[in-house]
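Undergrad: Predicted structure and sequence below. I'll ask about it afterward.
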Amino acid sequence: MPKHFNTIKRYLSVHEKRQRATEFNEFCDSFETVDVDAFVKKEIFDETIILKCLNCGFQEEVDYDIISECWDESESDYPESYCMKCNKPKVVPLDVYNKIKHIK
Ligand SMILES: [Zn+2]
């Protein structure tokens with residue numbers, strides 16, 4: 001868990017896990033298949049993050065995987081990206097946005 005902002009973890013239900021494992025097995029027949037029952041017993045969650053643009057206020061929720069992949073934690077406290085609405089490099093995690101804008 002990053003220090004300077006929060007992410008949203010949503011745990012999958014048994015039904016969703018079963019569905020995901022079954023789908024995986026259907027699509028990835030060249031790889032090893034997943035043991036569906038073992039998969040269902042594990043805790044699986046989706047992790048997302050809410051990003052907000054400091055320039056125009058555009059807000060979106062994205063997969064945290066995508067963000068963490070292109071963010072170098074040693075170089076900055078939080079990821080920054082380009083806004084798909086106003087094209088400025090001003091998109092930051094919502095917690096960082098609130099801190100900068102002094103919103104509690
Ligand atoms: Zn923007």
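TA: Perfect, I can see it now.
Undergrad: could you say what helices and strands the worst-scoring helix or strand of the chain on mean pLDDT packs with?
TA: Taking mean pLDDT, DSSP states H and E as the measure, the helix or strand of the chain with the lowest value is helix 64-69, at a mean of 91. Helix 64-69 sits against strand 45-53, with contacts defined as 3 or more CB pairs under 8 Å, 6 or more residues apart in numbering; DSSP states H and E. Using the backbone N, CA and C atoms, a C-beta is placed for each residue, glycine as well.
Undergrad: Show me what the strand it packs on is in contact with.
TA: If you take CB atoms under 8 Å, 6 or more residues apart in numbering as the criterion, strand 45-53 is touched by 5-12, 58-65, 67, 81, 83, 85-86, 88, 90-94, 97.
Undergrad: interface residues of this protein facing the ion?
TA: Cys53, Asn55, Cys56, Phe58, Cys83, Lys85, Cys86 (CB under 5 Å from the ion).
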